[in-house]
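J.: Show me the folded form of this:
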Amino acid sequence: IFIGLQVVILDNAIDNLRSIIHQIIEEKSQVEEPDDKKNFYLKIRSLLSEIIYAGEYGFWDFSAHSSEAEEKFNTWIEEIQASSMESYNVTDDETDIDRISADKRYVSLSILFLFENTEIHNKISEEIESINEDVFNDKVTYEALMDKIIRFDFNYLLGDAIFLVPGNDMDGLSWEDIHSEGWEYLKPIF
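T.: This is a model prediction of the structure:
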């Protein structure tokens, strides 16, 4: 089972948003046990709940078909890694001369999961598949997705990933960045 969600959030949703996310992500590198992973994602769910009001764009996807799920998981990782290596990251001594805009008001948070498709997960999968298209990009839906993800049995977690783009505390995405080539899939969150 694959589930992935990406939310583009206003950087000023809370003070030091990027630093807070980076700190949480750094903790993840030491998390390997199923219960620890679940607790880690409970923290992410709590943070998402706090900042979702500032989510302006997003996208999520789900698949309970084995070959498709693994392919989507790998594709999302490859595409996020490719986009994070583009010109969004800057260092202290770089300038914004090559940027479309010097505006840096957005960050993109992406969370991906690949679970073994077991009978235990059938009910949750059915709930996700039954989400009405009218509310696909509703802020409440993003929160509900995280609630459903936390209900999965992390003993059957095959893979997970979390990304913050840009990947440093100095840079951000502009409105122009998230409306440029490669970001067309994003939808406004209501």
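
J.: Now do the lowest-mean-pLDDT helix or strand in the chain: everything it contacts.
T.: Of all helical and strand segments in the chain, the minimum by mean pLDDT, DSSP states H and E falls on helix 17-28, at a mean of 85. With contacts defined as C-beta atoms under 8 Å, 6 or more residues apart in numbering, helix 17-28 is touched by 9, 11, 14, 40, 43-44, 47, 51, 107, 109, 162, 164, 168-169, 172. C-betas here are computed from N, CA, C, even on glycine.

J.: switch the cut-off to 10 Å
T.: Helix 17-28 is contacted from outside by 9-11, 13-14, 16, 36-37, 39-41, 43-44, 46-47, 50-51, 54, 107, 109, 160-164, 166-172, using C-beta atoms under 10 Å, 6 or more residues apart in numbering.

J.: just stretch 175-190 next, same as before
T.: With contact meaning C-beta under 10 Å, 6+ apart, stretch 175-190 is reached by 6-9, 52-61, 79, 82-83, 86-88, 99-101, 103-106, 108, 135-142, 165-166, 173-174.

J.: okay, which residue is most central for the chain?
T.: residue 110 (1.6 Å; C-alpha atoms, centre = their mean).

J.: need the contact list for it.
T.: Residues near residue 110 by C-beta under 10 Å, 6+ apart: 4-8, 58-60, 76-77, 79-80, 83-84, 161-165.

J.: Could you tell me which of these belong to helices?
T.: Among the contacts of residue 110, the members found in helices (DSSP state H) are 76-77, 79-80, 83-84.

J.: among those, which ones are buried?
T.: For these, a burial check counting by 16 or more other C-beta atoms under 10 Å picks out 76-77, 80, 83-84.

J.: Out of those, which is nearest to residue 32?
T.: Closest approach to residue 32 among those (C-beta to C-beta): residue 77, at 18.4 Å.

J.: With adjacent residues omitted, what lies nearest to the closest one?
T.: Closest residue to residue 77 apart from its sequence neighbours, by C-beta to C-beta, 6 or more residues apart in numbering: residue 161 at 5.7 Å.

J.: State the distance from that neighbour to residue 110.
T.: Remark: distance between residue 161 and residue 110 (C-beta to C-beta, to the nearest Å) = 8 Å.

J.: Quick check: neighbours shared by those two?
T.: Taking C-beta under 10 Å, 6+ apart as the contact rule, residue 161 and residue 110 both touch 4, 76-77, 80.

J.: could you dump those to CSV with pLDDT and distance to residue 25?
T.: Below are these laid out as CSV (pLDDT from 0 to 100; distance: C-beta to C-beta, whole Å):
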residue, pLDDT, distance to residue 25
4, 97, 16
76, 96, 16
77, 96, 15
80, 90, 13
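
J.: can these go into CSV with extra columns for distance to residue 21?
T.: Formatted as CSV, those follow (distance: C-beta to C-beta, whole Å):
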residue, distance to residue 21
4, 17
76, 18
77, 18
80, 14
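
J.: just the residues you listed now: which is nearest residue 118?
T.: The closest of the shared contacts of residue 161 and residue 110, once distances to residue 118 are taken by C-beta to C-beta, is residue 4, at 19.2 Å.
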